[in-house]
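[1] Let me see the structure of the following:
(chains A and B)
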Amino acid sequence: MKPAPFDYIRAESLDEALAALKQYGSDARIMAGGQSLLPMLNMRLAKPAVVVDVMRIAALASPAVEKGSLVAPAGMRQAAMLARPGLAAEVPLLSLALPWVGHVQTRARGTLCGSVAHADPSAEIPLCLVALKGSVRLRSAKRKRSVAAEDFFVGMMLTDKADDEMIEAIAFPTIRPGTGYAFAEVGRRHGDFAIAACAAVVEQGRMRLAVGGVGDRPLARDLGALDGSALDDALNAFAWELGAGDDVHATARFRRDLVRKLGRQVLEQAAERANRRDAA
Amino acid sequence: MLSIEPMGHVGLSIERVEDAALLTGRGRYVDDLGTPPGTLHAAILRSPHAHADIVAIDKSAALALPGVIAVVTGADIQDITTGLVPAVRAKVDARVIGTDRVRYVGEPVAVVIARDRYLAEDGAELVEVEYRLRPAVVDPEASLAADAHVLHEGVGANLVSERSFRYGDPETAFQQAPHQLSVTVHYPRNTGSPIETYGLVATYEPTDGSYDVLANFQGPFSIHTVMARALKVPGNRLRIRTPPDSGGSFGVKQGVAPYAVLIAAASRLVGRPVKWVEDRLEHLAASVSATNRVTTLKAAFDDEGVVTALDWDQLEDCGAYLRAPEPATLYRMHGNLTGAYAIRNVAIRNRVVLTNKTPTGLVRGFGGPQVYFPLERLMHRIAVMLKRDPFEVIRKNLIPADAFPYRTATGALYDSGNYQEALAVAARDGGLDELKRRRDAARAEGRLYGIGYTAAVEPSVSNMGYITTVLTPEERAKAGPKNGAQATASITIDPVGSVTVQVASTPQGQGHRTVLAQVVADALGLEMSLVRVVTELDTAKDAWSIASGNYSSRFAAAVAGAAQLAAVKLRGRLARIAAAQLNVVADDLVFAEGRVTSRHNPDVSLPFARVAATSHWSPGLVPEDVEGGIRETVFWTPPELTAPDEADGINSSLCHGFIFDFCGVEIDPVTGKLGIDRYVTMHDCGRILHPGMVEGQVRGGFAQALGAAVYEELSYGQDGAFLSGTLADYLLPTATEVPELTVLHVESPSPFTPLGAKGVGEGNCMSTPVCLANAVADALGIEAIDLPLTPAKIAALAAAGDEPAPPPGHDKPKASTKPGDRTMRGEGKAEVAAPPEKVWAMLLDPDVLASVIPGAHGVKKLSDTHFKADVTLGVGPVKGRYKADVELTDLDAPRAATLSGTVTGGLGNGGGNGRITLEPIEGGGTRIGYTYEAHVGGKAAAVGGRLLDGASRVIIGGFFSALARKAGGGRGGPGFLKRIFAMLGIGR
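    A predicted model of the protein is given here:
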């Protein structure tokens, strides 16, 4: 379990990182915490020629609140976000989901943008970003663009990011009035990859459910104001459409059951919270 | 003889002398000890296939890499090694490296030796091995089929051992019993998972033809003989040394033995010391596994649930090779197959089969979990069937308290116990009545709550002869008797009278040095700090025997006992030396508080150090009939451990502790989560030498057992692919998952051990998995239940009724048929502008294929319908280079064709086939439809199983979308092509 040889560039500025990406393209990988990349290097699943470490770029460390969004830059660690005072009031869903991301040790190193770039289908941060209709800010040496989260994740560990681009930041929409959020996850152990993770957003009675760990990427479904058996039917359809598979941890059927049942539980919980906020 | 007094340290939870080093990072593990100058480093290239012939190995690219010194294959060490002999005479070619054939995923194929480990791994990637695949046999029951592919032609079948046994009169008991019931259990594969993996440094000394191997081997040292024989040297030319510390073993480090042979032989070839440290991927795939076993156990019993006979049918799966001491897992429990119960009639059929999985070996609990799971499930089922309380059914069957020492039907001699008292104390102090009330209250609310019970006898101090029960009495007579359990301890006094203890054990964190210091300090009347204990073992210099090592929970009962005997013997000599100087009789002297003092006159006294040093400084003062007082070595073996008798009775272990567990669990019907509300474990392990360490053993064993019950399984696909290659696949419980435990004790000292102690290290590994399963069965009201109790499995057992149907228009996925079937299936369609004829021509054009096969570097056309290509495949950052072989068959131009292919490369291997259909559509275009089946093995399956399905969809989808694009696509089905194009980075 030793990595294949690679060159290591510790970028001191965003420009230096982008220049490296421009020069090496698909032979380069950004390292932003390394909690997924390093095991892949050591197992020789990934063999990039160049690793570009962006964690020393001071400009990428601090979050910002702008235009109804909480913006997490590339260098922001998951632990720092979880410790952010008032996160539960700013982006309640993220504060519910972050404790499920790995373990305290991996959160101390791992970054939010790194998790989004890695695009593991069961990862919680991409799921929150999709559930909240957040966006991903990409940058290359020659251009900047912003992509809606739902368009960014295109498949298992596959994203809309081009080889010469890096994620500069991700933007989570902040809480809106009359909106309730809920999150639930089932894994084998705490901190494991989710067998299924469900994030619910209920706004003015309109329900949105995002599911991770079941399809090949986090996927959301707007369910309107259904209830009763109509909601069951909609959840059943969503469960089937996610295309669950079997693996050593769980069956496809179990995953679909979780979408149907856990999905309904989190929607009801989010609706209740939305009502409470309305009342308050 | 002096009495043993006073006892100052034994029985107290004294701070462990080991901990200061271990807790400050100063443990001295094998990797910490430094290496001789010039040491080279090895990486092992392993088979990605479960069963294949090795056609050719090309070392040239690896050897061309600067820093790579050698690539050692089976052919290279053919002449200087031979196979590892198993305990059963079977023509199993048990070499330590695959030579012309591999039989499990992870079997060594080549050892790359380089200046450092990085270079060795770089070199391993460059060794090209050509395999010819054979069918794999994975399931032990399937391995018995007449048409099953045979692993070892020399044996002629996969069944390598079969014996039947009969004790008492089981036929009559079954005939006369009013009731019968049977359970069938498929016990899964799991292992012990030490934090420190295997590690060793091997050196060949050409001047005297000897090997020196420093390895974190744990014993039994009977395997030293096996290793020396495999290296074709006499035992005195194989020096095995163990490091002072070992980072856990749980039996598993017995399995370093084949690697010691392999690396030692490689060291001889390169003429330099070679170091190898196993990594976690290697450890999970190919170190050692416990056996998986299929057991059908039948009981005859009366209306009260009293069992009168058992009928065992055990089918043991030892993996690809039978390696010593296997099939010991199957026979270790032979003497106690009736558990804690007074059952006099027993029939047994034992079969051992080989399959294409990692060879098995020692794992904590060794044979116990596999036996107690069916036995205690059966007791639970009997209670349910008779509508009785399982606690009462267990209690009624227990061996009477006045029957000890108790000879079981199968030959064990249970040393001591009072099982009824243990049950009563456990129920009282563990709050059983309250737990039942909690269950009733939960059930009244409609919650799923259950209680499980287990009684188990925990054997310890193995009889080295039990494994010969696998032989017939005639075969045993021919081979000569094998029995006993030699424990060894030496005590040395230096010229200033300080004491050093050396034992032939190999601690893995247990605290041997503390307990031995306690025992010897008490025997000699000293402070513990005056006694230093050395536990590293050197077969060239230390006293040892085949039973040496750290296994079968033998430390407290046998090794500490031997040290105590040595101390008492030495004390006897010192007493006579002191008596001569003090003019008293030796019996008058007491060793206490660092002095040797007359019982009758406290003024007649000498410092211990003065007496102890006499033999060094003034041997003339030592009475002539006293043989020195410098060193005492004791070899102790209990007389009770006799060889199997002619009726196959075997006292398989010296000590028999008792465990009674009960627990309450609650199940979440939605998430399948198993919540352990309370777990009570009662132990009788004889006299407790160090309560803190006993508690540590119980808690540690419980945590491992919880892993076996709920989380851990070494999974294999039907094709023999290994699927649990990382710790994200093989799940160990962490502190978060292990619930609080109530640990209770009663003490029935063993009359057979010097200190009255019994083993306690493995009990919960035997009792806990089935106790939890019994509780889950109780909660769900179900009969059949197998481990591990995963959320998906529990939710499926809890769920009522069929799954809701998919919505209209959504095809139900083709059901995966059998468990372990890992075939990935998928389908898709695309519409393109080109007519079917044009698309057809493209399919047969290597240039087109080169441009549409994802990552193809060059396509060679072998025939009109057969192509080879180098391709780079992967998803996201996970990319590997592969050789692809693609063939088109069942051609129905221009309507349909079957495309089949294989890929092999560093990240594994895969294969599959797909049916492509071309359908003309309006406007001159074509609708391309495809369905495929694919399977992946090797590293990709072992470490990336969770992601494989999605990855194959991406790669296969990528091929068709590229084809569609080439053919002028763009009119794809809603969303599909867009998505595929997006995946390929097109159309942004």
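
[2] contacting residues around stretch B:79-93?
    Identification of contacts with stretch B:79-93 by Cβ atoms under 8 Å, 6 or more residues apart in numbering or on different chains yields B:94-96, B:152, B:154-155, B:160-161, B:226-227, B:229-232, B:257-258, B:261, B:265, B:268-269, B:321-328, B:352, B:354, B:467-468, B:470-471. C-beta: built from backbone N, CA, C; applies to glycine.

[3] from those, which ones fall inside helices?
    B:226-227, B:229-230, B:257-258, B:261, B:265, B:268-269, B:328 (DSSP state H).

[4] want to throw those residues into TSV with pLDDT, neighbour count and distance to chain A?
    Below are the ones in helices among the contacts of stretch B:79-93 laid out as TSV (pLDDT from 0 to 100; neighbours: other Cβ atoms under 10 Å in any protein chain shown; distance: Cβ to the nearest Cβ, whole Å):
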residue	pLDDT	neighbour count	distance to chain A
B:226	95	22	29
B:227	97	26	26
B:229	96	19	32
B:230	96	26	27
B:257	97	27	22
B:258	97	27	20
B:261	98	28	23
B:265	98	26	24
B:268	98	22	25
B:269	98	16	23
B:328	96	25	29
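
[5] Output those in CSV; the columns should cover distance to residue A:227.
    What follows is these, written out as CSV (distance: Cβ to Cβ, whole Å):
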residue, distance to residue A:227
B:226, 69
B:227, 70
B:229, 74
B:230, 71
B:257, 65
B:258, 63
B:261, 68
B:265, 71
B:268, 76
B:269, 74
B:328, 62
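
[6] Pick out the most distant pair among those.
    Farthest pair in the ones in helices among the contacts of stretch B:79-93 (Cβ to Cβ) is B:269 and B:328. Separation: 32.2 Å.

[7] So the nearest residue to residue A:271 once chain neighbours are set aside versus residue A:90, what's the distance?
    Leaving aside its chain neighbours, residue A:271 sits nearest to residue A:202 (4.5 Å; criterion: Cβ to Cβ, 6 or more residues apart in numbering or on different chains). For residue A:202, the distance to residue A:90 (Cβ to Cβ, to the nearest Å) stands at 18 Å.

[8] same deal with residue B:728?
    Counting by Cβ to Cβ, the gap from residue B:728 to residue A:90 is 32 Å.

[9] now residue B:316
    59 Å.

[10] same question, residue B:385
    59 Å.

[11] how many other residues sit next to residue A:22?
    15 (other Cβ atoms under 10 Å in any protein chain shown).

[12] Now do the contacts for it.
    A:140-142, A:164.

[13] ok, now residue A:80?
    Neighbours of residue A:80 in contact, by Cβ under 8 Å, 6+ apart: none.

[14] and it, that's in a strand?
    No. Using DSSP: H, G, I helix; E, B strand; the rest coil, the secondary structure at residue A:80 is helix, not a strand.

[15] name the element residue B:572 belongs to?
    helix B:560-582 (DSSP states H and E).

[16] What is that helix packed up against?
    Where contact means 3 or more Cβ pairs under 8 Å, 6 or more residues apart in numbering or on different chains; DSSP states H and E, helix B:560-582 is packed against strand B:487-493, strand B:499-503, helix B:512-524, strand B:589-592, strand B:595-598, strand B:605-607, helix B:608-617, strand B:631-636.

[17] Turn these into TSV, columns for mean pLDDT, mean neighbour count and distance to residue A:97.
    Formatted as TSV, the helices and strands packed on helix B:560-582 follow (pLDDT from 0 to 100; neighbours: other Cβ atoms under 10 Å in any protein chain shown; distance: least, Cβ to Cβ, whole Å):
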stretch	mean pLDDT	mean neighbour count	distance to residue A:97
strand B:487-493	96	25	56
strand B:499-503	97	23	53
helix B:512-524	97	26	46
strand B:589-592	96	21	65
strand B:595-598	97	22	68
strand B:605-607	97	16	69
helix B:608-617	93	21	66
strand B:631-636	95	19	60
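
[18] In terms of packing, which of residue A:202 and residue A:90 has more residues around it?
    residue A:202 (26 against 18).

[19] surely that one meets residue A:208?
    Yes. Using Cβ atoms under 8 Å, residue A:202 makes contact with residue A:208 at a distance of 7.4 Å.

[20] what bits of the stretch 151-280 of chain A have low per-residue confidence?
    Residue ranges of the stretch 151-280 of chain A with pLDDT under 70: A:279-280.

[21] What are the boundaries of the helices in it?
    Under the criterion DSSP state H, counting those that start in this stretch, helices of the stretch 151-280 of chain A are mapped to A:228-241, A:252-279.

[22] Lowest-scoring secondary structure element of chain B by mean pLDDT?
    Among the helical and strand segments of chain B, the one scoring lowest on mean pLDDT, DSSP states H and E is helix B:976-983, with a mean of 41.

[23] and the closest residue to residue B:907 other than its chain neighbours, helix, strand or coil?
    Among residues not flanking residue B:907 along the chain, residue B:880 sits closest, at 3.7 Å (Cβ to Cβ, 6+ apart). Here residue B:880 is recorded as strand under three-state DSSP.

[24] How about residue A:138?
    strand.

[25] Out of the helices of the stretch 151-280 of chain A, indicate the one that is most buried.
    Of these, the one with the most neighbours on average (mean count of other Cβ atoms under 10 Å in any protein chain shown) is helix A:252-279, at a mean of 20.

[26] With distance to chain A as extra columns, can I get the helices and strands packed on helix B:560-582 in a markdown table?
    Converted to a markdown table, the helices and strands packed on helix B:560-582 look like this (distance: least, Cβ to the nearest Cβ, whole Å):
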| stretch | distance to chain A |
| --- | --- |
| strand B:487-493 | 38 |
| strand B:499-503 | 35 |
| helix B:512-524 | 31 |
| strand B:589-592 | 50 |
| strand B:595-598 | 53 |
| strand B:605-607 | 53 |
| helix B:608-617 | 50 |
| strand B:631-636 | 43 |
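
[27] Including distance to residue B:36, could the ones you listed go into a markdown table?
    Listed next are the helices and strands packed on helix B:560-582 as a markdown table, based on distance: least, Cβ to Cβ, whole Å:
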| stretch | distance to residue B:36 |
| --- | --- |
| strand B:487-493 | 28 |
| strand B:499-503 | 24 |
| helix B:512-524 | 27 |
| strand B:589-592 | 44 |
| strand B:595-598 | 46 |
| strand B:605-607 | 43 |
| helix B:608-617 | 34 |
| strand B:631-636 | 30 |
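
[28] For residue B:810, which of those is the nearest?
    helix B:512-524 (62.3 Å).

[29] Determine the set of other helices and strands touching that closest one.
    strand B:499-503, strand B:531-534, helix B:560-582.

[30] As JSON lines, these with distance to residue A:227 would be great.
    Output for the helices and strands packed on helix B:512-524, formatted as JSON lines (distance: least, Cβ to Cβ, whole Å):
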{"stretch": "strand B:499-503", "distance to residue A:227": "71"}
{"stretch": "strand B:531-534", "distance to residue A:227": "71"}
{"stretch": "helix B:560-582", "distance to residue A:227": "68"}
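
[31] Excluding chain neighbours, give the residue nearest to residue A:238 in space.
    residue A:221 (4.7 Å).

[32] any idea how far that neighbour is from residue A:259?
    Residue A:221 is 10 Å from residue A:259, by Cβ to Cβ.

[33] Overlap of the contact sets of those two?
    By Cβ under 8 Å, 6+ apart, the residues touching both residue A:221 and residue A:259 are A:211, A:238.

[34] ok, now how distant is residue B:662 from residue A:93?
    Distance from residue B:662 to residue A:93, by Cβ to Cβ: 42 Å.

[35] roughly how far apart are residue B:860 and chain A?
    25 Å (Cβ to the nearest Cβ, to the nearest Å).

[36] Now for that residue: which residues touch it?
    B:846, B:867-869.
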